[in-house]
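Peer 1: Only the shape, not the letters, is given here:
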């Protein structure tokens, strides 16, 4: 057989005759008895020169050679992996894609090497070395270049070396024979392919007894393939707290807990879920994540980080989520609400989504440069949020990895290029933010009041004209009145919000060379990337057309990207762990069929967010106990396979909301201008002119939900930042989740939390059925954690209480300082006892517990 | 040894395909207790790409950008032609922040004249007499250029390699790449005098890197670190008791649920407790000798003005204390250098406030044998125009100043393996254009990373499907600046 192939190779006229020479030189023209290495080389040579050899045949050949002459390699690694067959598509290609394809795939052919093609992968390098020698990783150039610095600079040259696991996987794959799937070729990227309705896997008896809906079938089937099983359902109190936090950002109320504990049935769980989905807290919670994407803030950013009014948009998001506005409509209104036929006020407020970019008004700024930067931000954010695509790369040049050209980028740019300038030189060297605003409809009584004042003003001014201003004292009196009325009018002037508008004469859009707005290239008009789903030519050539294209059922990305983010919010981890990027450099989904199933469900249920979330939380997967067994800790510490329920530290706003809720301080007042709770002095330092002052509210606004806290980009609320909140200067898809000493300092010392501790101390005394310390501790522990304190915990906290009580008796000034932590009218003098001061320490412990700040 | 990031199994897993094979392999690695133990603090020491010459950076940024012409790049020709209309090439077809009609040239006043200092003969203005005495330590680059000419974007560009928001700052890249030597203090500390710069917190932000790498501001008023002090009514014994109880209960949870995050949390509470002591100790510069206070000119020196009040000099002394304690990156900001008008009044005043402390920092580090491993960087976000702003050009009577200029400016380094006693790069006779050895901001930052033992092309972080780095796709290490 080898002889035939050699003949064929000669016939094909070797591009590089070195291998032919090798064989002829050693006098073995048939190739029989050749060292394996040479045989493989021969195979590869044939493959790389033959035009029609298909991978399957090719693999057969390699295997034949390997089997015939290869000394069995018994590697310890292979032993360890005896049960684990490495799958090229699942295990190896993603590693190559992530680390190698940017220089060795498609158009990029550094050193003549392509790793996305069979012939090249199984061929030789420019230096005539074999890329892969099946069963012999050490002889494979691929392994040498990623793992052995004797072979030259370790690849990739432009990034970190591969991690040990990836290298080991490649090695084992080669040891196992470097098998490629029969039909392997680069093919369509999974994320750009239409979602396919997957077959719902059959389950064994154990799993089908647990499964609640198709989600569980996908999860359990994958677990079964790993010889793992789902965990049992979490205990009722834990589950009620979990689902409440997950859906509303607030813990379950004592009543909800009690009811569900008494009757923890599936029907009761569903009723609880429905109740939670229907509360206003639902929208307030989910808006937080959306506003990270929308980079919503209450200030401009940059040097003169002045406040601006856009909170109506924030409230629009909350209301839309609470009303379960279909997600496609949610998208269309935010991108192009102003362009809808008969656009109403609400449609226009929605366009605040793209009025959130930062704006530089420092003296000497170029308004056009500022506008272009804002349009860049709009294009990039649109691509990230709705397409899971990092289009940004194509701003200066064709995208290196994904199929987007620079022209594609500026065609998208053209959709957003007709917005007015947002910066204007208003005087001398003063520049101001002047972007389009819309006056909001006032509430009826305020409107009436305004009308009355305005007519008063008219009358007063008329009267004033009748007097001789210079001499008549009545004129001065009238002037005072006029001023007073004017001031009153100003006070009730209707609020405004930032909206998108189009300028009358459309701008021409150019490709900007190197992304420089002054370096104008070719003219382009609106359009979408050719590599994505087609654009219906009948759509208007404006933002509305773009929005319709994005929400087109033919776009597989919108639904996939969106359901993945919702899943990520609930489980603490996405099915795709690169939620900001579904491009060729992304991580493949851990459960591709599940992702497709969810994505189709979402669309088929009329893009109902509430229905989607309900489906997920109703799954047995979500309801599992979140404990890690030592086996799970070893095999799946990040819970990729979901053999247990979610467990993760709460995001910044939720930690505060939860502390306020359990301490009883939380105000559920909804909507309106942003609020200023307590924060340490000196956070809002002047970074420019006209700096607003931080004035901590002393009334209920002090304890409103985090979503309403004013967001100043140069100095966001500091304890939120400590718990990984972004500055909202740019689109954030997922927040990191760190665990730092500064977080401990916040929960121990931040006045926001000492106030909560004092209030919780008061509440636990008041709500305890008995005044016995152990009972008070049980009460407090359950309020804070929704769990029952065990004897050891009670014992420890009783000791703490006793020691603190002695401490407070010895230092009454400290006791007094503790009561006075709360603002005066939140203090309850009737309970200000030495005991309360001691309970404060216990309450502080409760607010710091892992089980308090964790969704589990 | 190759530089391996990430270090934890958790991160490895995050960066790995998650097939069955990966899982089997994963469990295999998990059997290796060492691998499990590697799940440590993200600030733990990491191995650099190659042997570094600097272990610590003290980065001093003059917010607003002082004039390179008046301080470090003297131009006799400019002086000669003072008051004459500037040549067309300087104005026609150019963009300026403020200049809107062709301005006149503005020469450096005689009394500021630079002199050649030390053996190296580096020219430094008489406005900086103390710095003149350490001239031989400086590695001065007169040929910097940047992409931005407004403050906010230019600050972001210099400090994060990108003129808009969202990218990690230099300090967070370095801390991410190397960890920190001191686990009781943050790895990246920020000290500020005057107003916060226009780029805001983003100038020391972590962008898309984990927030643990962002700079932590040590404030000079109130708690040095936010929320550091115990709240009212909580003394140290109570604090200890509260932490002990939290940790004991969390330990119980850990035993029950096995989540390693809880172990980390317990450690973080202990670290927080230690910080409550270590940070005030660090901030207490009173423990320094009078001689040291005199050297820096702190507000605690004998007869010093504003006794004990925060000052740039105090921050320079703190920077040395942080460097001594193994903090990786210390960023100083001093605001007030944006001299569009009244240059003659304002520049000497600002120079007086920073000259002695900066020179003291260099000589103090040297005398403690810390300079060789500590890289001091002096920076501005851009340069200033040789043309006057505020007279003639603007038709106003205010005393003249200079507009922003991005095409040429001066930065310098000292210690940490930067070549001492050199001037690198050259500008034309007006200090307007670079005529020799241009150094882009990306080149300069690549060089800083190199001195820290980091290859700027390999110090990357995966975000949005791309390996991001401080220097984008640019940057060439300037070998001529290495000792």
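Peer 2: Cool, the structure landed. On a predicted model such as this, the values are computed, not experimentally measured, just so you know.
Peer 1: any low-confidence regions in the chain?
Peer 2: Using chain A. Across chain A, the ranges flagged by pLDDT under 70 are A:1-84, A:107, A:182-187, A:469-470, A:686-691.
Peer 1: other chain: chain B
Peer 2: Along chain B, segments meeting pLDDT under 70 span B:1-40, B:304-307, B:391-398.
Peer 1: check contacts around residue A:519.
Peer 2: Contact partners of residue A:519, counting by C-beta atoms under 8 Å, 6 or more residues apart in numbering or on different chains, are A:512-513. Glycine gets a C-beta too; all of them are placed from N, C-alpha and C.
Peer 1: Kindly report the same for residue A:749.
Peer 2: With C-beta under 8 Å, 6+ apart, residue A:749 has these contacts: B:227-231.
Peer 1: I'd like those as CSV, with secondary structure appended.
Peer 2: Shown next, in CSV, are the contacts of residue A:749 (DSSP: H, G, I helix; E, B strand; the rest coil):
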residue, secondary structure
B:227, coil
B:228, coil
B:229, coil
B:230, coil
B:231, coil
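Peer 1: Now for residue 118, how many residues are close by?
Peer 2: If you meant another chain, say so; for now it's chain A. 19 (other C-beta atoms under 10 Å in any protein chain shown).
Peer 1: sorry, should have said chain B
Peer 2: 16.
Peer 1: now residue A:812
Peer 2: Neighbours around residue A:812, by other C-beta under 10 Å: 11.
Peer 1: which residue packs closest to it, ignoring adjacent ones?
Peer 2: residue A:834 (7.5 Å; C-beta to C-beta, 6 or more residues apart in numbering or on different chains).
Peer 1: Make sure that neighbour is actually in contact with residue A:806.
Peer 2: No: at 9.8 Å, residue A:834 does not count as touching residue A:806 under the criterion of C-beta atoms under 8 Å.
Peer 1: quick one, which of these two is more surrounded?
Peer 2: Per other C-beta under 10 Å, whichever of residue A:834 and residue A:806 has more neighbours is residue A:834, with 18 against 12.
Peer 1: wait, what's in contact with the more buried one?
Peer 2: Residue A:834 makes contacts with A:805, A:808-809, A:812, A:815, as judged by C-beta under 8 Å, 6+ apart.
Peer 1: which of the residues you listed count as buried?
Peer 2: Using 16 or more other C-beta atoms under 10 Å in any protein chain shown as the burial test, these include A:805, A:808, A:815 as buried.
Peer 1: Pretty sure the first one sits in a strand.
Peer 2: No: residue assignment for residue A:805, taken from three-state DSSP, gives helix, which places it outside any strand.
Peer 1: Assess the claim that it and residue A:841 are in contact.
Peer 2: No: at 9.3 Å, residue A:805 and residue A:841 do not qualify as touching, with contact defined as C-beta under 8 Å.
Peer 1: related to what we said a few turns ago, any chance of the contacts of residue A:749 in TSV, plus neighbour count and distance to chain A?
Peer 2: Below are the contacts of residue A:749 laid out as TSV (neighbours: other C-beta atoms under 10 Å in any protein chain shown; distance: C-beta to the nearest C-beta, whole Å):
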residue	neighbour count	distance to chain A
B:227	24	4
B:228	21	6
B:229	17	6
B:230	17	6
B:231	22	4
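Peer 1: Which two among those are spaced furthest apart?
Peer 2: Using C-beta to C-beta, these span at most 11.0 Å, a distance reached by B:228 and B:231.
Peer 1: coming back round to it: quick one: the contacts of residue A:834 as TSV, columns for secondary structure too.
Peer 2: TSV is the format used below for these (three-state DSSP):
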residue	secondary structure
A:805	helix
A:808	helix
A:809	helix
A:812	helix
A:815	helix
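Peer 1: ok, back up a step: just the buried ones among the contacts of residue A:834 that are near chain B?
Peer 2: Restricting the buried ones among the contacts of residue A:834 to those near chain B by C-beta under 8 Å from any C-beta of the partner chain leaves residue A:815.
Peer 1: Out of the buried ones among the contacts of residue A:834, the closest to residue A:625 would be?
Peer 2: residue A:805 (37.1 Å).
Peer 1: And that closest one, how far from residue A:765?
Peer 2: 13 Å (C-beta to C-beta, to the nearest Å).
Peer 1: Between these two, which contacts overlap?
Peer 2: Counting by C-beta under 8 Å, 6+ apart, the shared contacts of residue A:805 and residue A:765 are residue A:835.
Peer 1: Residue B:46: what's its closest spatial neighbour, skipping adjacent residues?
Peer 2: residue B:179 (4.6 Å).
Peer 1: So the one you found is in contact with residue B:44, correct?
Peer 2: Yes: using C-beta under 8 Å, residue B:179 is in contact with residue B:44, at 5.0 Å.
Peer 1: Looking at those two, which one has more neighbours?
Peer 2: Neighbours per residue (other C-beta under 10 Å) separate residue B:179 from residue B:44, with residue B:179 holding more: 20 against 13.
Peer 1: Nothing else from me, thank you.
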